[in-house]
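S.K.: Following is a predicted model, sequence given first.
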Amino acid sequence: MLQLIENDLYKYLALTVLLLAILFGYRKGRNVVSASGRSLAWTHVPLITLAIASLGPSAFAIMIYLGYKFGLVQPKPSGYRFSTFIRDLPIEFAVINWPFVALYVTCRTWPHISSARPAMWLSVVAMSLPNVLLFSTAGTMVSSAFDAGQGIGVIEAMLIFPIIAMIWPGPFPGIFDEGLGSVISALTAPIPVLGLIGWLAGQFVGWPASKDLQKAPERS
């Protein structure tokens, strides 16, 4: 997946796929609302979180830059500048956080499956935790240091490094660099794995309540 965010063509293609998936989920949700009459406003939470994770670090970097510019914050000795990272990184961060789009599409397509809402919340919280690291890149985005981009690259690598490669170190993880291995890498990165764990935990926690709701009509 590292090659995906480093290659501009692949990166923009991935962003296009995400946007098409969002459009698909939106249309599916409208059909569900028309059929059931229930509001699906809660299903937009993954997209809101995705926007915060993608745009938030750059917005924070702009605030830091303005703080340096107007003397509100003391810049580091290396100096500061308004770099292209502020413009380019939101796309990379959005691609890294593709599981939020998958969660959105799932909730919009099957909003009435058991415990969908609590599962969505736990999944969002679980996937948001590693994204705190992205906000630590804000200071680097406006740094004039010649190696400023290395810190950003390390954080991105941490968020996309497949968990299975952490468990099974050595030459074997090299298969994750291309082809089918890159797909496996994307699916076993920390964010999608945490999202899946959060979803399953939400299903487990909410299952008794949903079971009681199903029994209520029978009792009446």
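M.R.: Cool, got the structure. Predicted, not measured: the structure shown is a model, and the values here were computed from it.

S.K.: C-alpha from now on. contacts and neighbour counts both.
M.R.: OK.

S.K.: thought residue 78 was touching residue 144?
M.R.: Yes: if you go by CA atoms under 8 Å, residue 78 and residue 144 touch, sitting 5.8 Å apart.

S.K.: Name the residue in these two with the higher neighbour count.
M.R.: residue 144 (16 against 9; other CA atoms under 10 Å).

S.K.: quick one, what contacts the more buried one?
M.R.: Residues in contact with residue 144 (CA atoms under 8 Å, 6 or more residues apart in numbering) are 78, 79, 80, 81.

S.K.: Check the spacing between the third one and residue 154 real quick.
M.R.: Going back to what we said before, that points to residue 80. Counting by CA to CA, to the nearest Å, the gap from residue 80 to residue 154 is 21 Å.

S.K.: between those two, which one's more packed in?
M.R.: residue 80 (19 against 10).

S.K.: tell me, what residue is most central in the protein?
M.R.: residue 97 (2.4 Å; CA atoms, centre = their mean).

S.K.: quick one: contacts for residue 86?
M.R.: 58, 61, 62, 141, 142.

S.K.: So which of those residues wins on neighbours?
M.R.: Most surrounded of these: other CA under 10 Å gives residue 141, at 29 neighbours.

S.K.: This protein: helices as residue ranges?
M.R.: Assigned by DSSP state H, the chain shows helices spanning 2-6, 8-36, 45-69, 85-96, 98-109, 116-135, 138-141, 148-160, 163-167, 180-187, 190-219.

S.K.: what would the contacts of residue 86 look like in CSV with pLDDT and distance to residue 48?
M.R.: Shown next, in CSV, are the contacts of residue 86 (pLDDT from 0 to 100; distance: CA to CA, whole Å):
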residue, pLDDT, distance to residue 48
58, 97, 16
61, 96, 19
62, 97, 20
141, 94, 23
142, 94, 25
